[in-house]
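K.L.:
Need coordinates for the following:
(2 chains)
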Amino acid sequence: MKDSDAILFLERLIRVPSVSCAEGQAAAFLVEQMDSFGFQTEIDDAGNPVGKIGTSGPRIVLLGHIDTVPGVVSVRREDGKLYGRGAVDAKGPLAAFIAAAVRAADSGNLQAQVEVIGCVEEEVPSSKGARFRVLGAAPDLCINGEPSGWQGVTLGYKGYLRARLQRSLPIEHSAGKASGMGALACRAYVAIEQAAALYNQGREALFDQVFTHLSQIELNSDGLFEHASLDVRLRLPGELGPQVARTWLCDAVPGWEVDCSNGLEAWSSPRTDPVARLLGRAISREGGRPRFIRKTGTSDMNVVGPVWKCPIVAYGPGDSALDHTPDEHIRIDEFLASIRILEGFLTDPNLSSWSAPLHSATRLKRPETR
Amino acid sequence: MLNCTECESPVSVPADAVEGEIVACDVCSAELEVACLEPLELILAPELSEDWGE
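P.N.:
Next comes the predicted model:
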């Protein structure tokens, strides 16, 4: 696949709208394209477009996502940049996966059985596509398609917990001393912030801290009782899984009913993870300096990492500061560099020696040491 | 064969390692960066970068 064809493929993919829960048209387009590139394709029961290429070597899943957040960004090329919703998050990384796999296969040097997946509903809490795929057999290796910059390798993401806090009290006359349900609700959130500040003492890395966010507060009354409801989101470190975090939250706000609807644990790989190591080498061969990152957000890595327990990192072109913004764009030279790096990874002879079943850096047969 | 910068235990480096590659000390688990290939030099790997996103 020539550079010009890869750019055109990405542009056409961006032009097909695919807001979360409405990805059907883009999934059909992707399957049609992958089919023409030589993949075996299907749309699975969750609506994920899937393409397989390569017949030998370890099984590697390139787990991207096809959906985007809402908002129309005019698709155009300007000053070496390609603009459009999803250019960075995450059609750029997904298109780079596909182009790299095609190039590796066409060269005859593909060292793995590659499965490219464009998950649906990554941008909403359901994570429908990844939650469906995670029920299948674990691959030997996985790269999650998210923007890390062409020299970056994302090792992990924080976990999260969404909680609704509720409380009801009999109404008191406002001329009395009671400050009202609204004041109690405010104090509850402040108590959560204070508990987080206490937890974070001595933990310098953002990845190790608890972040709190108050997304909604509602007050109402039926004439007899006042009711308060707070929607709180916690970003969680690895030491604080969603179950433990719920207990932590209940302890911070005694007297409040805490209902946790959705949670994911943090997941992170070491820099010595074999995928990180081989990707780092491919970045170096391309003239870059590998930069290893942990992110405070969450991705489908949080869904599949704890279940598959295989070596996993996230990689893809683009600046994640442009995620979800009206200025979303990807630098075309960076997109092309990432394709070369991924092709270098997929054609690295070290990849084909992958065989042992345990998750350890020693799974990769090492050459002689010095 | 070099020694770990933290615990001085021997650390093996793959023969095809590249500059910037990270190796781990099997004894103390320290992450070490290949700072130079000729002569081979290991340094304690820098702190991980942190970023928001996704």
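K.L.:
Most proximal residue of chain B with respect to chain A?
P.N.:
Going by CB to the nearest CB, chain A is nearest to B:Gly53 of chain B, at 3.1 Å. Bear in mind the C-beta positions are built from the backbone N, C-alpha and C, glycine included.
K.L.:
what helix or strand does the nearest residue to A:Asp323 once chain neighbours are set aside sit in?
P.N.:
Closest residue to A:Asp323 apart from its sequence neighbours, by CB to CB, 6 or more residues apart in numbering or on different chains: A:Asp89 at 4.1 Å. A:Asp89 is part of no helix or strand when elements are defined by DSSP states H and E.
K.L.:
Could you pull up the residues touching A:Asp89?
P.N.:
The contact partners of A:Asp89, by CB atoms under 8 Å, 6 or more residues apart in numbering or on different chains, come to A:68-69, A:123, A:146-147, A:318, A:320, A:322-324, A:328, B:54.
K.L.:
just to revisit the earlier point, so the residue of chain B closest to chain A, which state does it fall into?
P.N.:
Secondary structure, DSSP: H, G, I helix; E, B strand; the rest coil: B:Gly53 is coil.
K.L.:
Can you list phi and psi of the residue nearest to it when sequence neighbours are not counted for me?
P.N.:
Spatial nearest neighbour of B:Gly53, chain neighbours left out: A:Ser320 (3.1 Å); criterion: CB to CB, 6+ apart. Phi and psi for A:Ser320, reported as degrees, to the nearest 10, are phi -70, psi -10.
K.L.:
Give the other helices and strands that the top helix by length along chain A contacts.
P.N.:
The single longest helix within chain A, with elements called by DSSP state H, is helix A:181-200. In terms of contacts (3 or more CB pairs under 8 Å, 6 or more residues apart in numbering or on different chains; DSSP states H and E), helix A:181-200 is packed against strand A:159-170, strand A:211-221, strand A:225-236, helix A:242-252.
K.L.:
Buried ones only from the contacts of A:Asp89, please, as a ChimeraX command.
P.N.:
In ChimeraX, a selection of the buried entries from the contacts of A:Asp89 looks like this (16 or more other CB atoms under 10 Å in any protein chain shown):
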select /A:68,123,146,147,318,320,322,323,324,328 /B:54
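K.L.:
okay if I get the helices and strands packed on helix A:181-200 as TSV plus mean pLDDT?
P.N.:
TSV is the format used below for the helices and strands packed on helix A:181-200 (pLDDT from 0 to 100):
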stretch	mean pLDDT
strand A:159-170	95
strand A:211-221	95
strand A:225-236	96
helix A:242-252	95
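K.L.:
could you dump those to TSV with distance to chain B and mean neighbour count?
P.N.:
As requested, these are arranged in TSV below (distance: least, CB to the nearest CB, whole Å; neighbours: other CB atoms under 10 Å in any protein chain shown):
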stretch	distance to chain B	mean neighbour count
strand A:159-170	11	18
strand A:211-221	10	13
strand A:225-236	10	20
helix A:242-252	18	17
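K.L.:
quick revisit: among the contacts of A:Asp89, which are located in strands?
P.N.:
Among the contacts of A:Asp89, no member is found in strands (DSSP state E).
K.L.:
Narrow the contacts of A:Asp89 to those in helices?
P.N.:
Taking DSSP H, every one of the contacts of A:Asp89 sits outside helices.
K.L.:
can I get the contacts of A:Asp89 in JSON lines with pLDDT?
P.N.:
Putting those into JSON lines (pLDDT from 0 to 100) gives the following:
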{"residue": "A:Thr68", "pLDDT": "97"}
{"residue": "A:Val69", "pLDDT": "96"}
{"residue": "A:Glu123", "pLDDT": "93"}
{"residue": "A:Glu146", "pLDDT": "97"}
{"residue": "A:Pro147", "pLDDT": "97"}
{"residue": "A:Gly318", "pLDDT": "96"}
{"residue": "A:Ser320", "pLDDT": "92"}
{"residue": "A:Leu322", "pLDDT": "94"}
{"residue": "A:Asp323", "pLDDT": "91"}
{"residue": "A:His324", "pLDDT": "92"}
{"residue": "A:Glu328", "pLDDT": "97"}
{"residue": "B:Glu54", "pLDDT": "72"}
